[in-house]
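A.B. asks: Predicted model follows, preceded by the sequence.
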Amino acid sequence: MTILNGGAAVVRKRLVRRRRPSARTFRQSGNLGLESCGLQVPVGLAAKSPTLLAVAVEDLCWRLEMDAWRSRRPRPWQLRRRAAWRAERTAFTAREQGLRAVANQELADL
């Protein structure tokens with residue numbers, strides 16, 4: 001955008017706020033999105049399998065805990081708090097890998 005300012009052209013850039021891509025964008029109707037696993041499971045299949053249903057509940061709990069964890073992110077100058085906050089991520093990663101392994105095993109057995 002160019003604005004004339006007393007005969008001199010001043011060029012200003014427009015600041016555009018862009019939304020971060022969300023991991024939740026892959027959901028479709030009729031499918032159950034397991035974000036920790038990166039999978040979509042048909043609702044009918046999940047309803048028939050108690051293991052997949054348990055994985056879906058654990059995935060929901062994992063997502064809620066991840067959202068709470070992200071909201072507690074300390075400021076960059078709070079070094080000790082930030083180190084402790086980052087250490088919590090390893091527990092979430094281990095739980096995520098466990099959920100992924102159970103879901104993949106159950107889907108392979110079906």
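C.D. replies: Received the coordinates, thanks.

A.B. asks: where does the chain have low pLDDT?
C.D. replies: Applying pLDDT under 70 to the chain flags the ranges 1-29.

A.B. asks: repeat that for 90
C.D. replies: For the chain, residues meeting the criterion pLDDT under 90 lie at 1-49, 91, 106-110.

A.B. asks: Remind me what the longest helix along the chain packs against, helices and strands.
C.D. replies: The single longest helix within the chain, with elements called by DSSP state H, is helix 79-109. Counting contacts by 3 or more CB pairs under 8 Å, 6 or more residues apart in numbering; DSSP states H and E, helix 79-109 is packed against strand 39-42, helix 50-71. From N, CA and C alone the C-beta is placed, and that goes for glycine too.

A.B. asks: Mind giving me the packing neighbours of the shortest one?
C.D. replies: Here strand 39-42 touches strand 31-34, helix 79-109, going by 3+ CB pairs under 8 Å, 6+ apart.

A.B. asks: still on that earlier bit, most packed of the helices and strands packed on helix 79-109?
C.D. replies: Counting by mean count of other CB atoms under 10 Å, strand 39-42 has the highest mean neighbour count of the helices and strands packed on helix 79-109, with a mean of 17.

A.B. asks: next structured bit after it?
C.D. replies: Scanning forward in sequence from strand 39-42 by DSSP states H and E, the next helix or strand is helix 43-48.

A.B. asks: helices or strands up against that next one?
C.D. replies: strand 31-34, helix 50-71.

A.B. asks: contacting residues around the last one?
C.D. replies: By CB atoms under 8 Å, 6 or more residues apart in numbering, the list of residues contacting helix 50-71 from outside reads 32, 34-37, 41, 45-47, 85, 88-89, 92, 95-96, 99, 102-103, 106-107.

A.B. asks: 6 Å instead, please
C.D. replies: Leu32, Leu34, Glu35, Ser36, Val41, Ala46, Arg95, Leu99, Val102, Ala103, Glu106 (CB atoms under 6 Å, 6 or more residues apart in numbering).

A.B. asks: Understood, closing this out.
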